[in-house]
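**Q** I'll drop the sequence and a predicted model, then ask my questions.
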Amino acid sequence: MAHVLVIDDEPAIRLALRKFLKEQNYEVSIAANSDEAFKVLEGDIVDVALVDLVMPKMDGIEIINRMKRMQPDLIPIVITGFGTITSAVQAMKAGAFHYLTKPFDLDDVASVIKTALEHRGLKEENRILRDQLHKEYRFAKIVGKSEEMAAVFDLVEKVAATDSTVLLLGESGTGKELVARAVHYNSRRKDKPLVTVNCAAIPEELLESELFGHVKGAYTGAIATVPGRFDSADHGSIFLDEIGDMSFKLQVKLLRVLQEQSFEPVGSTKTHTVDVRIIAATNQDLDRAVKEKRFREDLYYRLNVIPIRIPPLRERTSDIPLLTDHFIRKFNEANGCGIEGVEKAAMRVLMTYRWPGNVRELENMIERSAVLKKQGLIETEDLPEKISGMRDGDSATVKTAKMDVPETGISLRKSVAEFETELILKALEKTGWNKNKAARLLKLNRTTLVEKIRKRNIEKLIRRTGHNVQGD
């Protein structure tokens, strides 16, 4: 129930408005002067205040100013018998929603209050939607609760508020562009453009013009002066994806932008100065590229101010159920499907597959399965052959043969741990989730197996698939 405060020094008006507004199902308080009004505001939340413009001690404009300081969301409506253009303007400047002159029709009062509350409701809805939008882009739709992603989120929060250059490192499909968006939309530049350039997708001879623009006649076909992406990103951010594929010639110009925030368009001698934050990304090992003289060392150090490594999906398998649920909901809505989830055995397959294409591969797989299945649970047989084929007890030799060492390098310790986890899961599954039998199958002491299960958090992993490990 909305709370209306009536402030008027005429008793007849106060009482008439209180009676009428109570009949309209409002909670009503009345005040004969500013002191009484402020006492009400100190003790309760007021939604709408009807304020007489001419009052003893303190006039209506002063009352409105102080009320707005006390309760910023309060909606003032001025009522007065001295209706002039000047007083109306003053009231509106002070934050009044509407202006009524005495004598007024009670139905008009009810209509204005209703409109005022609806207006505030719309403003609140818009605020909530904006908050939701910022939350949606708080981490740019990045889904994950694993320790590895929590570390990424923590780093993004720390660096977003700065203007420091960020270098995103990670394999293809890990979500580097999403992290770049998270950095931008959490920065002071969030209301300015975020311009994205894929350096590997644009031919080398066109990339310079694309980045820095060109003037008319700069080259054959340049029939007009065209601004570049750096011009478009002024006061915002530019995301240079696949920076490792940029030519040496362009690396020199980019280095100047980083150092001086200036450049010349192709065919021009006029210097453009910009205020741009640079976020770069690569799936290459830039250390190696520098040693092999494929990437400028000085540019590398300029870019590598704040490196953020995005972990591959195989290093955050605990996020797979969460990501899977997210993609199912996404493609159900997009394609009118009714997929209810993933069957337990199929989920076990998803969590043991190594995902060379990372999150992008998982997303594409879920979309394919949802479109083809349409309804019900995604089962093992609904998965692509290269994924579902792993359920048939692949040998250690076969699995090792399928492993690869990416260009960015690989952690031997983590890979061995992951492989060991896979073997333990396979042994437990084969023995009906029985620790004793699994230990015998793996030729381990039971206590050794139990310690490995505890250390690798395997029981928690198994519970996500709907099973429990038995002791006997």
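**A** Noted; the coordinates are in hand.

**Q** May I see the buried residues of stretch 208-216?
**A** For stretch 208-216, a neighbour-count test (16 or more other Cβ atoms under 10 Å) marks 208-215 as buried. Using the backbone N, CA and C atoms, a C-beta is placed for each residue, glycine as well.

**Q** Now the terminal residues of it, how far apart.
**A** Separation of the first and last residues of stretch 208-216 by Cα to Cα, to the nearest Å is 15 Å.

**Q** repeat for stretch 369-387
**A** End-to-end distance for stretch 369-387: 12 Å, by Cα to Cα.

**Q** ok, and what's touching it?
**A** Applying Cβ atoms under 8 Å, 6 or more residues apart in numbering, the external contacts of stretch 369-387 come out as 327-328, 331-332, 335, 337-343, 345-346, 349-350, 353, 365-366, 368, 388, 391.

**Q** where's that stretch relative to the chain centroid, distance-wise?
**A** Here stretch 369-387 is found 29 Å from its chain centre; the criterion is Cα atoms, centre = their mean, to the nearest Å.

**Q** Rounded mean pLDDT for it, please.
**A** For stretch 369-387, the mean per-residue pLDDT is 89.

**Q** Report the buried residues of that stretch.
**A** 369-370, 373, 378-380, 382-383, 387.

**Q** can you give me the helices for the stretch 201-350 of the chain?
**A** Assigned by DSSP state H, counting those that start in this stretch, the stretch 201-350 of the chain shows helices spanning 204-212, 229-232, 248-260, 286-291, 297-303, 320-335, 344-352.

**Q** Which stretches in the stretch 1-150 of the chain count as helices?
**A** According to DSSP H, counting those that start in this stretch, the stretch 1-150 of the chain carries its helices in the segments 11-23, 34-43, 60-70, 85-93, 106-136, 147-160.

**Q** The first one: how far from the chain's middle?
**A** Offset of helix 11-23 from its chain centre (Cα atoms, centre = their mean): 49 Å.

**Q** Just the residues contacting that helix, thanks.
**A** In contact with helix 11-23 (Cβ under 8 Å, 6+ apart) are residues 4, 6, 8, 28, 30-32, 50, 52, 79, 102, 106, 109-110, 113.

**Q** Buried ones from those, can you make that a ChimeraX selection?
**A** This is the ChimeraX syntax for the buried subset of the contacts of helix 11-23, where burial follows 16+ other Cβ under 10 Å:
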select :4,6,8,28,30,31,32,50,52,79,109,113
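
**Q** The contacts of helix 11-23: which two are farthest apart?
**A** Using Cβ to Cβ, the contacts of helix 11-23 span at most 22.5 Å, a distance reached by A32 and A110.

**Q** measure I328 to L377 for me?
**A** According to Cβ to Cβ, to the nearest Å, I328 stands 10 Å off from L377.

**Q** if we can go back for a sec, could you dump the helices of the stretch 201-350 of the chain to a markdown table with mean pLDDT?
**A** Converted to a markdown table, the helices of the stretch 201-350 of the chain look like this (pLDDT from 0 to 100):
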| stretch | mean pLDDT |
| --- | --- |
| helix 204-212 | 91 |
| helix 229-232 | 93 |
| helix 248-260 | 93 |
| helix 286-291 | 94 |
| helix 297-303 | 96 |
| helix 320-335 | 92 |
| helix 344-352 | 90 |
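
**Q** need those helices in CSV with distance to V166, can you?
**A** Formatted as CSV, the helices of the stretch 201-350 of the chain follow (distance: least, Cβ to Cβ, whole Å):
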stretch, distance to V166
helix 204-212, 18
helix 229-232, 17
helix 248-260, 12
helix 286-291, 14
helix 297-303, 9
helix 320-335, 24
helix 344-352, 31
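
**Q** Could you point out which of those helices sits nearest L155?
**A** Nearest of the helices of the stretch 201-350 of the chain (Cβ to Cβ): helix 297-303, 16.1 Å.

**Q** and which of the buried residues of stretch 208-216 is nearest to Q284?
**A** When these are compared for distance to Q284 (Cβ to Cβ), L211 comes out closest, at 19.1 Å.

**Q** can I assume that closest one is in contact with V197?
**A** Yes: judged on Cβ atoms under 8 Å, L211 makes contact with V197 at a distance of 6.6 Å.

**Q** circling back to that earlier point, ok, of the buried residues of stretch 369-387, which one's closest to D73?
**A** Distance to D73 across the buried residues of stretch 369-387 (Cβ to Cβ) is lowest for A370, with 43.6 Å.

**Q** on that earlier part again, sort the contacts of helix 11-23 by pLDDT and name the bottom one.
**A** Among the contacts of helix 11-23, K102 carries the lowest pLDDT, at 81.

**Q** Beyond the least confident helix or strand in the chain by mean pLDDT, next helix or strand please.
**A** One helix or strand of the chain scores below all others by mean pLDDT, DSSP states H and E: helix 396-402, with a mean of 41. Following helix 396-402 in sequence order, the next helix or strand is helix 412-430 (DSSP states H and E).

**Q** Kindly state the domain boundaries assigned to this protein.
**A** Structural domains annotated on the chain: 3-132, 147-311, 315-463, as defined by automatic domain parsing.

**Q** Least confident of those, on average?
**A** domain 315-463 has the lowest average pLDDT among the domains of the chain, namely a mean of 82.

**Q** how about the closest residue in space to Q24 that isn't next to it in sequence, what does it touch?
**A** Spatial nearest neighbour of Q24, chain neighbours left out: A110 (5.5 Å); criterion: Cβ to Cβ, 6 or more residues apart in numbering. A110 sits next to 20-21, 24 when contact means Cβ under 8 Å, 6+ apart.

**Q** same thing but at 10 Å, please
**A** Going by Cβ atoms under 10 Å, 6 or more residues apart in numbering, A110 touches 20-21, 23-24, 26.

**Q** Give the buried subset of these as a PyMOL selection command.
**A** The following PyMOL line selects those of the contacts of A110 that are buried, judged by 16+ other Cβ under 10 Å:
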select buried, resi 21+26
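
**Q** can I get the contacts of A110 in TSV with distance to E171?
**A** Converted to TSV, these look like this (distance: Cβ to Cβ, whole Å):
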residue	distance to E171
F20	69
L21	65
E23	68
Q24	63
Y26	61
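
**Q** Isn't L322 up against K145?
**A** Yes: assessed by Cβ atoms under 10 Å, L322 is found in contact with K145 at 6.1 Å.

**Q** my read: R181 touches V195, true?
**A** No: assessed by Cβ under 10 Å, R181 is found out of contact with V195, at 11.7 Å.

**Q** Find residues that contact each of those two.
**A** 237, 239.

**Q** and I142, what is it in contact with?
**A** Counting by Cβ under 10 Å, 6+ apart, I142 touches 149, 152-153, 156, 175, 178-179, 181-182, 310, 319, 323, 359.
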